[in-house]
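Visitor: 3D model of this:
(one chain, ligands or ions: 2)
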Amino acid sequence: MSPYKRKIYLENKPRQEARHEMLANFQPKRKVEWIPSVSALGRITAEPIFAQSSMPHFHASAMDGIAIVAEETFSAHEQNPLLLRRNEDFIHVDTGNEVPPPFNAVIMIENVEERDEDSVEIIEPAAPWQHIRPIGEDIVQEEMLFPQGHEIRPVDIGALVAARTLTIPVIKKPAVTVIPTGNELVSAEDAASVGQLIEFNGSAFVNYIREWGGDPLLTPVVKDDPEKIKAALLEAANTSDIVVINAGSSAGSKDYTVHILQEIGTVYTHGIATRPGKPVIIGKVNSTIVVGIPGYPVSAYLSLEWFVRLLICEYLGVNEPERQKLKVKIGRRMVGSMGAEDFIRVSIGYINGEYVANPLSRAAGVTMSLVRADGLLVIPPDILGYEQGEYAEAELYKPKHEIENAIVFSGSHDLTIDLLSSKLKAENRSFSIQASHTGSMAGMMAIKKGEAHLAAVHLLDPETKEYNTSYIKRFLQGTEVVLYPFLRRKQGWLLPQGNPLNIQSLLDIVEKQAQYANRQKGAGTRVLFDMMMREEGVSPQQITGYEREMFSHLSVAAEVKGNPDGVGLGIYSAAKVMKLDFIPVADEHYDLLMTKSFFESEQGQTLIKVIQSDDFKQAVEQIGGYSLVQELEPLFF
Ligand SMILES: Nc1nc2c(c(=O)[nH]1)N[C@H]1C(S)=C(S)[C@@H](COP(=O)(O)OP(=O)(O)OC[C@H]3O[C@@H](n4cnc5c(N)ncnc54)[C@H](O)[C@@H]3O)O[C@H]1N2
Ligand code: MOO
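Guide: Ligands and ions are numbered 1, 2, ... in the order given. Here you go, the predicted model:
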């Protein structure tokens, strides 16, 4: 039995309060190190830095020409040219050469008339010190180049070397030890069996810490054993400036961190008013701040930034960097949790002159929501959320021009869209496809509402057996759109290898009580399945799993792969990549619907060019299960 009782209730401390309290208890022991100036990029000066030498450190000619004594040229005039003799009255100098005494001015070579080998003529007097860079014109010896607390940039390194200041004192990077914990964690090199997960937060953490100017150390995974966690914390607190311990921060039976910290040190915070990120722990062991970061990756990376980046900046004596902000229009409603800040990863599309933000997955375990995010939107604790069409401010994760150049894709998912996306980027590196797989019907609606440029649709009209056109006529009246015929693709039963239940038809699914992995409402595949059910007189109650919805062909395929009694309806290419059996059911039209303005735009025309390229056609053929239909003309509505 563990001596530690489960702690169930977490605090709900405002994030800013927890940050201030943490800083108030952080007494950084800054160390200084002298390093070569040439390797000081990004480092922070620990003291004011002075020039060791002037630049230039002699009188240097600023032009190619001749050096003369200015006072001796005063009589020169167009009507009274002045003859000068080499080595007596002048010497030749090039830009950067020393101008030795008694010479005190330079005349540009263009204004000098050569008479013979040893003499020249001038027709204009020179002013004293013209075209001469005085000593220290750029940098004066002993001048202060930078104050303390300055972040060294490439231009600064140039100035340091010019001033012959070849080593400088900088703040030593704070040592940050990262301790991943959890019995379930294994390294990516080991095969993870059921119940085991790959440890990957640590790899992200050390790189965030490096990017923020810290010196990270990742320890091996520590098991959920109070004694081992205690030993790891004590050791790290002794050797580092900041300690980060990952997972075991919440209310689980093995979440020991907070109890151990209470025993060997102090706990300031357990639980902050944010979603995600709630179970953060802030405490101290000896004189070292310990930050307990929640296990779920999204909670982990966000809270690492709120707390660990703040500590590193404080240690280095710099301000936290701020991201660019952008006013965005809310595409889909976002509901918050009153009393806590909600951090929502959003995709941002630039459509009809407006930046439209839509929420990505809000699950804290979905790393890809952060990978794919264009920005982050915060719902403050005192408001319910944002309604569609409202405006809010988003923090950008990407440069604004990248967002402006992205083609916003909605609608049905297909592997060829990923392929199209990569070929498009190869064709023009400024263009990209920002895809959200919402299903055919939602894609069509996104076009109607001005939330997408492009949507892939495969909607079968049960009456006419026609694809897409009747839906466009019904739902998109008054919207100028183009339907571009794209592919024919094979839909069929996705089955575990060897087809253990011997499924051949829809009726087999009913009879053999196979577990069906369904698609979301509005997905073309769902429309097809529902139509087949109606034709066979099968009701949803007869299909096991009908209620459970997946959002892509690949998710259906993954579900079937893990279940010997599983079956799904999906495309051939998904069966192929997941190594499943496939029985064809239909050859469907998978077309691209776009706004007319997008079709006519540079992005639109580039996309069409890529679709029509031999390279793309070959790549599609290689996947299998498709035929391209480019001989057909686009239809304008
Ligand atoms: N009854 C309650 N359960 C949970 C609560 C709660 O308030 N009451 N909070 C939930 C929230 S919110 C979060 S966030 C998680 C955080 O829990 P822990 O910090 O204790 O983390 P674990 O449960 O150990 O792990 C969660 C999840 O993350 C994976 N993980 C952990 N470390 C790593 C790593 N280094 N690399 C990759 N993945 C990691 C771990 O395997 C788990 O799947 O608790 C909720 N539960
Ligand atoms: O709040 Mo937890 O931090 O959602 O994932």
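Visitor: How about residues contacting stretch 523-532?
Guide: 412, 439-441, 457-460, 462, 491, 506, 518-520, 538, 551, 553, 569-571, 585-586, 588, 590 (CB atoms under 8 Å, 6 or more residues apart in numbering). The C-beta positions use only the backbone N, C-alpha and C, and glycine is treated the same way.
Visitor: Going by neighbour count, which residues in that stretch are buried?
Guide: 523, 524, 525, 526, 527, 528, 529, 530, 532 (16 or more other CB atoms under 10 Å).
Visitor: Restricting to C-alpha, output it in PDB.
Guide: C-alpha atoms of stretch 523-532 as PDB (Å, rounded to 0.1, in the frame of the first residue of the first chain):
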ATOM      1  CA  ALA A 523     -20.000  11.900 -45.100                       C
ATOM      2  CA  GLY A 524     -20.500  10.600 -48.600                       C
ATOM      3  CA  THR A 525     -19.700   7.100 -47.500                       C
ATOM      4  CA  ARG A 526     -22.400   7.300 -44.800                       C
ATOM      5  CA  VAL A 527     -24.900   8.500 -47.500                       C
ATOM      6  CA  LEU A 528     -23.900   5.400 -49.600                       C
ATOM      7  CA  PHE A 529     -24.200   3.000 -46.600                       C
ATOM      8  CA  ASP A 530     -27.600   4.500 -45.600                       C
ATOM      9  CA  MET A 531     -28.900   4.100 -49.200                       C
ATOM     10  CA  MET A 532     -27.700   0.500 -49.300                       C
END
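Visitor: How far does it sit from its chain's centre?
Guide: 36 Å (CA atoms, centre = their mean, to the nearest Å).
Visitor: Stretch 337-350 now?
Guide: On CA atoms, centre = their mean, the centre of stretch 337-350 falls 16 Å from that of its chain.
Visitor: Okay, buried residues for that stretch please.
Guide: Applying 16+ other CB under 10 Å to stretch 337-350 flags 340, 341, 342, 343, 344, 345, 346, 347, 348, 349, 350 as buried.
Visitor: Just send those residues back as TSV, with secondary structure, pLDDT and distance to ligand 2 too.
Guide: Output for the buried residues of stretch 337-350, formatted as TSV (DSSP: H, G, I helix; E, B strand; the rest coil; pLDDT from 0 to 100; distance: CB to the nearest ligand atom, whole Å):
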residue	secondary structure	pLDDT	distance to ligand 2
340	coil	96	9
341	strand	97	11
342	strand	97	10
343	strand	97	9
344	strand	97	12
345	strand	97	12
346	strand	95	17
347	strand	93	20
348	strand	94	23
349	strand	92	26
350	strand	93	30
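Visitor: Closest to ligand 1 out of those residues?
Guide: residue 340 (10.7 Å; CB to the nearest ligand atom).
Visitor: Make sure that closest one is actually in contact with residue 382.
Guide: No: judged on CB atoms under 8 Å, residue 340 makes no contact with residue 382 at a distance of 10.3 Å.
Visitor: Okay, now the sheet partners of the lowest-mean-pLDDT helix or strand in the chain, with direction.
Guide: Ranking every helix and strand in the chain by mean pLDDT, DSSP states H and E puts strand 635-636 at the bottom, with a mean of 78. Applying DSSP bridges to the sheet, strand 635-636 is found paired with strand 481-495 (antiparallel).
Visitor: where in the protein is pLDDT low?
Guide: 1-8, 630-632 (pLDDT under 70).
Visitor: Give me every residue in it lying close to ligand 1.
Guide: For the chain, the residues in contact with ligand 1 (CB under 6 Å from any ligand atom) are 10, 180, 182, 184-185, 197, 199-202, 246-252, 255, 276, 278-279, 294-296, 299, 364.
Visitor: Which members of those residues additionally contact ligand 2?
Guide: Within the residues of the chain next to ligand 1, those near ligand 2 by CB under 6 Å from any ligand atom are 276, 278, 279, 294, 296, 299, 364.
Visitor: Next up, the contacts around the fifth one.
Guide: Same thing as residue 296. 276, 364, 365.
Visitor: Return a ChimeraX selection command for the buried portion of the residues you listed.
Guide: Selecting the buried subset of the contacts of residue 296 in ChimeraX, with 16+ other CB under 10 Å as the burial test, is done by:
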select :276,364
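Visitor: Just to be sure, which of the contacts of residue 296 are found in strands?
Guide: Nothing among the contacts of residue 296 maps onto strands, per DSSP state E.
Visitor: in the stretch 351-500 of the chain, which spans are helices?
Guide: 367-372, 400-405, 415-427, 440-448, 469-475 (DSSP state H, counting those that start in this stretch).
Visitor: between these, which gets nearest to ligand 2?
Guide: helix 367-372 (11.6 Å).
Visitor: what's next to that closest one, contact-wise?
Guide: 200, 297, 298, 301, 345, 347, 360, 361, 362, 363.
Visitor: Quick check: the gap between the second one and residue 371.
Guide: Meaning residue 297. 10 Å (CB to CB, to the nearest Å).
Visitor: One more: the fifth one?
Guide: Between residue 345 and residue 371 the distance, using CB to CB, works out to 9 Å.
Visitor: Show me the chain divided up by domain.
Guide: With domains defined by automatic domain parsing, the chain comprises 15-28+174-316, 32-54+139-171, 60-133, 326-398, 434-636.
Visitor: For my notes, please list these in CSV and give distance to residue 422 for each entry.
Guide: CSV is the format used below for these (distance: least, CB to CB, whole Å):
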stretch, distance to residue 422
domain 15-28+174-316, 24
domain 32-54+139-171, 32
domain 60-133, 50
domain 326-398, 15
domain 434-636, 9
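Visitor: Show me what from this structure comes close to ligand 2.
Guide: 275, 276, 277, 278, 279, 294, 296, 299, 364.
Visitor: wouldn't the last one be in contact with residue 278 here?
Guide: No: with contact taken as CB under 8 Å, residue 364 and residue 278 are classed as non-touching, separated by 9.1 Å.
Visitor: and for those two, which residues touch both?
Guide: 294, 299.
Visitor: Quick one: buried ones out of the residues of the chain next to ligand 1?
Guide: The buried subset of these - by 16+ other CB under 10 Å - is 10, 180, 182, 184-185, 199, 201-202, 246-250, 255, 276, 278-279, 294-296, 299, 364.
Visitor: out of those residues, which are inside helices?
Guide: Cross-referencing these against helices under DSSP state H gives 201, 202, 299.
Visitor: which ones are touching the first one?
Guide: Think residue 201. 180, 246, 247, 293, 295, 297, 300, 301.
Visitor: go on, residue 37?
Guide: With CB under 8 Å, 6+ apart, residue 37 has these contacts: 152, 157, 160, 161, 165, 166, 167, 168.
Visitor: Can you redo those residues as CSV, where the extra columns are neighbour count and secondary structure?
Guide: As requested, the contacts of residue 37 are exported to CSV (neighbours: other CB atoms under 10 Å; DSSP: H, G, I helix; E, B strand; the rest coil):
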residue, neighbour count, secondary structure
152, 22, coil
157, 17, helix
160, 24, helix
161, 14, helix
165, 18, coil
166, 11, coil
167, 15, strand
168, 23, strand
